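# After the sequence you'll find the predicted model.
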Amino acid sequence: MGAIVASLFGLLFGTLAIGAWIGIALLATAIGLAMLFTGLPVDRLFPQYLFNILTTPDLVALPLFILMGEFLFRTRLSETLFSGLAPWAGLLPGRLLHVNVVGCSIFAAISGSSAATTQVVGRMTLKELLARGYSPDLAIGSLAGAGTLGFLIPPSTVMIMYGVLANESILRLFTAGFIPGVLLALVFAVYIMIRASAKPDLVPENERALRHMPFRQRLAALRDLGPVMFLILCVLGSMYGGLATPSEAAALGVVGAFLVSLSQGALSLRALRDILLGTVQTCSVMGIIILGASVLGNITSTLGIPGAVANVVTDWNLSPMLLIVALIVLYLVLGTALEGFSMIATTLPVVLPLVEAAGFDKIWFGIFMVLVVEMAQITPPVAFNFAVIQNITARSTAYIARVTFPFLLIMIGFAIMLAVFPGIVTFLPNLLLG
């Protein structure tokens with residue numbers, strides 16, 4: 001078994017070291033292991049894997065949510081979100097800084113992507129907040145942290161990938177992510193209120209007048225949230241109303257995003273070309289990763305690697321909580337070199353049996369995985385949210401990492417809290433879906 005495990009890591013890291021894409025590296029590792037240690041007819045099995053994995057019904061939702069995100073990226077939703085939320089955020093300590101958190105939470109409910117959430121919300125909020133005199137540290141840090149909610153609040157492309165690889169219900173995962181997503185957004189908001197109350201100069205003094213805005217004006221501002229609420233109704237409303245499966249809800253979301261783009265005059269022949277090309281490119285990359293991870297998972301299971309690793313870790317007599325802490329450290333380290341989808345693809349075949357052996361539910365672990373993937377979004381040097389914010393602000397990675405660090409600590413503490421109170425994750429899917 002030692003030779004097999006050594007070959008696994010040698011092949012994987014060797015192919016990554018020469019610059020191969022993560023999906024290609026996973027496939028090459030799986031084929032290499034099969035040829036070295038099994039008598040499987042790889043040339044005949046590989047086409048079967050290819051067809052079976054990429055025609056999984058649950059996977060249909062993934063390209064549809066990506067297509068919806070491409071449509072939304074080209075709309076004026078960032079402007080309408082800001083104008084609709086600003087009058088209400090002005091009531092809280094921290095004032096318009098809360099638009100980052102609430103805006104990201106709302107947009108997360110229709111996009112399924114952390115980078116897209118950060119891009120769309122930040123494109124408007126950062127410009128406004130910095131122009132009004134808000135603290136750049138808290139404005140940029142809160143956007144980077146809250147932008148990660150694009151993966152945790154359903155729908156989520158990461159949850160779809162995990163569900164396919166772990167053979168779990170996508171709808172249960174979506175349902176399980178709702179309460180943790182809302183709670184994490186609330187924790188971010190509370191942190192902003194505490195910081196703003198302890199240090200009032202983080203908020204410009206003239207912004208305090210927002211508290212005295214007439215109530216009628218606040219109500220009128222809600223009309224600007226109409227397009228976003230329409231899309232949430234299309235996606236989440238159809239799913240939880242029992243009218244559509246996740247894949248059908250994604251299709252409704254695409255139609256809704258198309259109508260919103262059309263109504264805002266954001267569609268042209270060039271825009272449609274960019275939307276379709278962006279969708280095909282993203283889906284192709286993710287498809288190769290999912291295929292490679294699935295094939296590698298099957299080969300490692302055939303060779304007994306997950307069971308052997310589980311036995312070794314069991315011999316260490318780690319408590320369930322220590323195992324979770326060890327996994328958080330592992331994924332924080334991996335997050336400095338790999339993006340989220342790659343982290344799941346490379347580790348899930350080995351880590352999932354360990355977690356199940358420790359007594360954790362697969363749905364719970366799916367949400368935990370989403371959280372650590374979110375941490376990878378704000379862990380340099382491979383930090384997609386940082387890249388998005390750099391494009392908007394031209395700030396250095398070191399600066400963005402420094403101002404985002406408190407939000408990373410909040411997420412680590414939140415992940416440990418979910419391990420102590422797993423019912424936060426499992427309560428809602430058990431209640432609604434049995």
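Looks like it arrived, so ask away.
# Now do the same for Thr336: helix, strand or coil?
coil (DSSP: H, G, I helix; E, B strand; the rest coil).
# Next up, the contacts around the nearest residue to it once chain neighbours are set aside.
Nearest non-adjacent residue to Thr336, counting by C-beta to C-beta, 6 or more residues apart in numbering: Thr379, 5.5 Å away. (Each C-beta comes from the backbone N, C-alpha and C, glycine too.) For Thr379, the contact set (C-beta atoms under 8 Å, 6 or more residues apart in numbering) comprises 332, 335-336, 408.
# all strands for the stretch 251-400 of the chain, in order.
With DSSP state E, counting those that start in this stretch as the definition, the stretch 251-400 of the chain shows no strands.
# where in it is pLDDT low?
Counting by pLDDT under 70, the stretch 251-400 of the chain contains low-confidence ranges at 306-307, 309-310, 313-314, 337-339, 381-382.
# same thing but 90
253, 257, 260-272, 274-276, 278-360, 372-398 (pLDDT under 90).
# try the stretch 51-200 of the chain
Applying pLDDT under 90 to the stretch 51-200 of the chain picks out residues 51-97, 99, 103-104, 106-135, 147-151, 153-158, 160-161, 163-171, 196-197, 199-200.
# mind redoing it with 80?
Low-confidence segments of the stretch 51-200 of the chain (pLDDT under 80): 52-59, 73-79, 90, 111-113, 115-116, 123-124.
# thought Val99 was touching Ser83?
No. Using C-beta atoms under 8 Å, Val99 is not in contact with Ser83, being 9.8 Å away.
# For these two, work out which one has more neighbours and name it.
Between Val99 and Ser83, Val99 has the larger neighbour count (other C-beta atoms under 10 Å), namely 28 against 16.
# Now do the contacts for the closest residue to Thr302 other than its chain neighbours.
Distances taken as C-beta to C-beta, 6+ apart place Thr38 nearest to Thr302, at 6.3 Å, with adjacent residues excluded. Thr38 is in contact with 299, 302-303, counting by C-beta under 8 Å, 6+ apart.
# just those residues now: which is nearest Trp316?
Nearest to Trp316 among the contacts of Thr38 is Leu303, at 21.8 Å by C-beta to C-beta.
# got a winner among the contacts of Thr38 for most neighbours?
Of those, with other C-beta under 10 Å as the count, Ile299 tops at 24 neighbours.
# That one: what's it in contact with?
Ile299 neighbours (C-beta under 8 Å, 6+ apart): 30, 33-34, 38.
# Next step: those restricted to helices.
With DSSP state H as the criterion, helices contain 30, 33-34 from among the contacts of Ile299.
# quick check, nearest of these to Ser7?
Of all these, Leu33 has the smallest distance to Ser7: 6.3 Å, by C-beta to C-beta.
# what sits against Ala257?
67-68, 71-72, 75, 110, 231.
# distance of it from Gly423?
Distance of Ala257 to Gly423, given as C-beta to C-beta, to the nearest Å: 35 Å.
# go on, Leu225?
In terms of C-beta to C-beta, Leu225 sits 32 Å off from Gly423.
# Looking at the two, which has the bigger crowd around it?
Remark: of Leu225 and Gly423, Leu225 carries more neighbours, 18 against 11, as counted by other C-beta under 10 Å.
# which residue sits closest to the more buried one in space, ignoring its chain neighbours?
Gly84 (3.9 Å).
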